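Participant: Got a predicted model here, sequence first, then my questions.
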There are 2 protein chains.
Amino acid sequence: MDENKIFLSESEMPQAWYNINPDLPVPLKPPIHPGTGEPLGPEALAPLFPMALIEQEMSMDRWIDIPDEIMDVLKIWRPSPLQRALRLEEALGTPARIYFKNEAVSPPGSHKPNTAVAQAYYNKQEGVERITTETGAGQWGSALSFACQIFDISCEVYMVRVSYEQKPYRRLLMQTWGAECYPSPSDRTEAGRAILAEDPDTPGSLGIAISEAVELAAKDEGTKYSLGSVLNHVLLHQTITGLEMKKQFEIAGDYPDVIVGCVGGGSNFAGFAFPYVKDKIDGKRDIDIIGVEPTACPTLTRGLYRYDFGDNAEMTPLLKMLTLGHKFVPAPIHAGGLRYHGAAPQLSLLVNEGVIEARALPQKEVFEGALLFARTEGHLPAPETAHAVQVAIVEALKCKETGEEKCIVIGYSGHGHFDLAAYENYLSGNLIDYELPQEEIDAAAEYLPNWE
Amino acid sequence: MDENKIFLSESEMPQAWYNINPDLPVPLKPPIHPGTGEPLGPEALAPLFPMALIEQEMSMDRWIDIPDEIMDVLKIWRPSPLQRALRLEEALGTPARIYFKNEAVSPPGSHKPNTAVAQAYYNKQEGVERITTETGAGQWGSALSFACQIFDISCEVYMVRVSYEQKPYRRLLMQTWGAECYPSPSDRTEAGRAILAEDPDTPGSLGIAISEAVELAAKDEGTKYSLGSVLNHVLLHQTITGLEMKKQFEIAGDYPDVIVGCVGGGSNFAGFAFPYVKDKIDGKRDIDIIGVEPTACPTLTRGLYRYDFGDNAEMTPLLKMLTLGHKFVPAPIHAGGLRYHGAAPQLSLLVNEGVIEARALPQKEVFEGALLFARTEGHLPAPETAHAVQVAIVEALKCKETGEEKCIVIGYSGHGHFDLAAYENYLSGNLIDYELPQEEIDAAAEYLPNWE
């Protein structure tokens, strides 16, 4: 390869999103109503989402055109570079080629605006005046704030308390883009007040924050809710990354043997891996597709494949997914964006079918990888992203042993500019790894609803 | 233009830096020894800088080849995009075309690594084991930390106290890249201890921090000093930005009528403007080339064109430049990188000759521009960069009145990810503008040395 970085021109950007629904190896179980057990119709979601997104959620069309108005905003930072990590390779002494698809170049610094912009656009089209949402590390909240600012919609963000406190700069970022941001659980919702009454010192969780945001949207007609991961419309908006990457690998004359990304709700991972999942299912290519999660929240590696609520307060429809149970509250690790009890149904299905491999990492090891990356490639990965970086390092070191010249690509989902307190924690030796005993997982599973 | 952003491929990157020395409209006065008044020979600088940089400092060659080893590191993030600010244009309702050359894409988030990488390389070549430096807002310190990490050199950074306290994340960034960072004035040097004895609560200044870093380098053989601005070798390393931009404007089929950048020591501004200064001097083009500084540190607009020390403690050679006097301590504005009493001799000469125009802005107005940019273009400018953004806005609004379709380009020197406390200050209405009475400027001028 002659170039370190492969850029596409804007005119080469994919013009449609990829919807994996029609290509899944077994049919997806539909979302169901928790009361009736019946599959959910579009009307049931209408209080929360604009109809265009509900249609995408349920669509069986393989390709969904990206409206020009969305493309115009994506072009603020897209297409994102596919970059070769030559210095990391050299430091490892590996014969492997390591690439990273760099989504950190967006204004909010992550892959999240790929869907935030699309969602804000469709909401605006349908006259929505305010959008509520939750955020973990603040990547999603800041992305939605940015998108709402662009399309002139009010934005209210419920941020998991532990991240709100660890990452004041993300809150300031949201405010700079004109949004309101509250620590969750808050006293602004019934769901929040109930949790606070039980445990005033709770670190919060994505599940709780979702309950708060959903409650507000359900109560008010001009307000809709926006989700930064898990749902199919979110996943498919993210596929622009994987579709760009395919074109970039064609230009590079290369093709990935190992694809590795971090998994919270699964949208980052789905976005850049699903276009390759299709090649794998079709038998075109033998690819290792690896989702990485924290051992403190091991949804894919230790969860059950069951119907469960998306949120703590049992307000959402039931989704068939890998889950630790909606009452599970993960330890306050620095990768706040990976602290979710469930995972996207499509991703869960593919892990369950063995198409996608899952691995869990403790955070000290993750930061070891992050620091090596920062000190060789310069760029500082977000703690979430560092999960993928570390597995790429592990795989590259395997290649060093076997002599295999594999092509490994990292879903570089975001930068760590607002996570330097976490780096300081690691550098000063104060980072804690959390053991998660099986009893705790079993206890959380008790709260799973009884639907198969 | 079909594309929002114009990328060059790595193979299109400039292969040589541009040295403006042979093209200046009047000869540059040499640096002189403060004791003798004699022009300085290369030997006099040898305790501080490696010989290769001293040669560049004094070179009259118009073009200086960029070594491959430096190019390889620059390619981690270069070439940087030239981007059209369509949304900002739309918000202003201006017929002007506004572009920005985005240097925020580097790992440290600014233009500074363009020279940090080159300096670290030449130091390494000559066997230097440790580099000391000063930093204002932390842009330079983090860039040098990054570069020293890449070339495996120890790095010690003296950070202006007010910035050290306002921007803990920049310090953490330096530490992540393996550097040591101290608030200046510190008790680690004689210069620092003398200042602290006089005024224990001083906010510090770049001049003081330079004294500390220079003192350490002068005392120890394996240690050299590195300067992030002002000197000619720094300016010429930065010209890669302006040279890239020229190629990018050719691709865009456009040419700037107005070039605007912020000025601290002048290297950012020189880097992207000097290649155009040549076109202006040659009479090829009529361009408005505007350097912007804070009213709290109005070196170019209210300084004297005199020989002065580069540092507070009178340890450096004397440079003929626009200066407020080396004892001037600017108010603690958020644009820490612009708090320098002097300006690069080449830039000073060009302002003095009327080739380059200078303007000063108060910080509230600067943040007004920053916020408008962030809310339209998404990207958050650093407070320093926002000075250029605001003047571009002013010029674009003039075009709205006159109907002129000018091409305006902003030197987008860095992002504000580590400056969110400053944004919060502005958003909450707590930002202060500092008036600078003429008596204070006159008083500082008293300390100017008596060399013409």
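Facilitator: Thanks, I have it. Residues are numbered from 1 along each chain as shown, chains lettered A, B, ... in the order given.
Participant: Which helix or which strand is home to the residue of the stretch 1-150 of chain A found nearest chain B?
Facilitator: Scanning the stretch 1-150 of chain A for the residue nearest chain B gives residue A:107, at 3.3 Å (criterion: C-beta to the nearest C-beta). Quick note: C-beta positions are derived from backbone N, CA and C, even for glycine. Following DSSP states H and E, there is no helix or strand that holds residue A:107.
Participant: try residue A:370
Facilitator: Secondary structure assigned from DSSP H and E places residue A:370 in helix A:363-377.
Participant: same question, residue A:293
Facilitator: Taking DSSP H and E as the criterion, residue A:293 maps to strand A:288-294.
Participant: Which residues does the helix holding residue A:370 contact?
Facilitator: A:85, A:87-88, A:90-91, A:100, A:294, A:296, A:333-335, A:379-381, A:383, A:385-387, A:389-390, A:392-393, A:416, A:422-423, A:426-427, A:431-434, B:76, B:107, B:149, B:176-178 (C-beta atoms under 8 Å, 6 or more residues apart in numbering or on different chains).
Participant: ok, 6 Å please
Facilitator: With C-beta atoms under 6 Å, 6 or more residues apart in numbering or on different chains as the test, helix A:363-377 has contacts from A:85, A:87-88, A:91, A:333, A:380-381, A:386-387, A:389-390, A:393, A:426, A:431, A:433, B:149, B:176.
Participant: one step back: buried sites along the strand holding residue A:293?
Facilitator: Using 16 or more other C-beta atoms under 10 Å in any protein chain shown as the test for burial, strand A:288-294 gives A:289, A:290, A:291, A:292, A:293, A:294.
Participant: Output the contacting helices and strands for that strand.
Facilitator: strand A:258-262, strand A:357-361, helix A:383-402 (3 or more C-beta pairs under 6 Å, 6 or more residues apart in numbering or on different chains; DSSP states H and E).
Participant: For chain B, which of these is the nearest?
Facilitator: Of all the helices and strands packed on strand A:288-294, helix A:383-402 sits nearest to chain B, with 12.1 Å by C-beta to the nearest C-beta.
Participant: quick one on the thing from earlier: just the helices and strands packed on strand A:288-294: most buried one?
Facilitator: Among these, judged by mean count of other C-beta atoms under 10 Å in any protein chain shown, the one packed with the most neighbours on average is strand A:258-262 (a mean of 29).
Participant: strands paired with that strand, and their directions?
Facilitator: strand A:288-294 (parallel), strand A:407-412 (parallel) (DSSP bridges).
Participant: how about the first one as PDB, C-alpha atoms only?
Facilitator: What it means is strand A:288-294. Taking C-alpha atoms only, strand A:288-294 is exported to PDB below (Å, rounded to 0.1, in the frame of the first residue of the first chain):
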ATOM      1  CA  ASP A 288     -13.200 -13.800  12.100                       C
ATOM      2  CA  ILE A 289     -15.700 -11.200  13.300                       C
ATOM      3  CA  ILE A 290     -15.100 -10.400  17.000                       C
ATOM      4  CA  GLY A 291     -17.200  -8.300  19.300                       C
ATOM      5  CA  VAL A 292     -15.500  -7.200  22.500                       C
ATOM      6  CA  GLU A 293     -17.200  -6.200  25.700                       C
ATOM      7  CA  PRO A 294     -16.000  -5.500  29.300                       C
END
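Participant: And for residue A:218, the neighbour number?
Facilitator: Counted with other C-beta atoms under 10 Å in any protein chain shown, the neighbours of residue A:218 add up to 14.
Participant: quick one: it from residue A:43, how far?
Facilitator: Using C-beta to C-beta, to the nearest Å, residue A:218 is found at 14 Å from residue A:43.
Participant: next one: residue A:254
Facilitator: Counting by C-beta to C-beta, the gap from residue A:254 to residue A:43 is 47 Å.
Participant: Looking at the two, which has the bigger crowd around it?
Facilitator: Taking neighbours as other C-beta under 10 Å, residue A:254 and residue A:43 compare with residue A:254 leading, 17 against 9.
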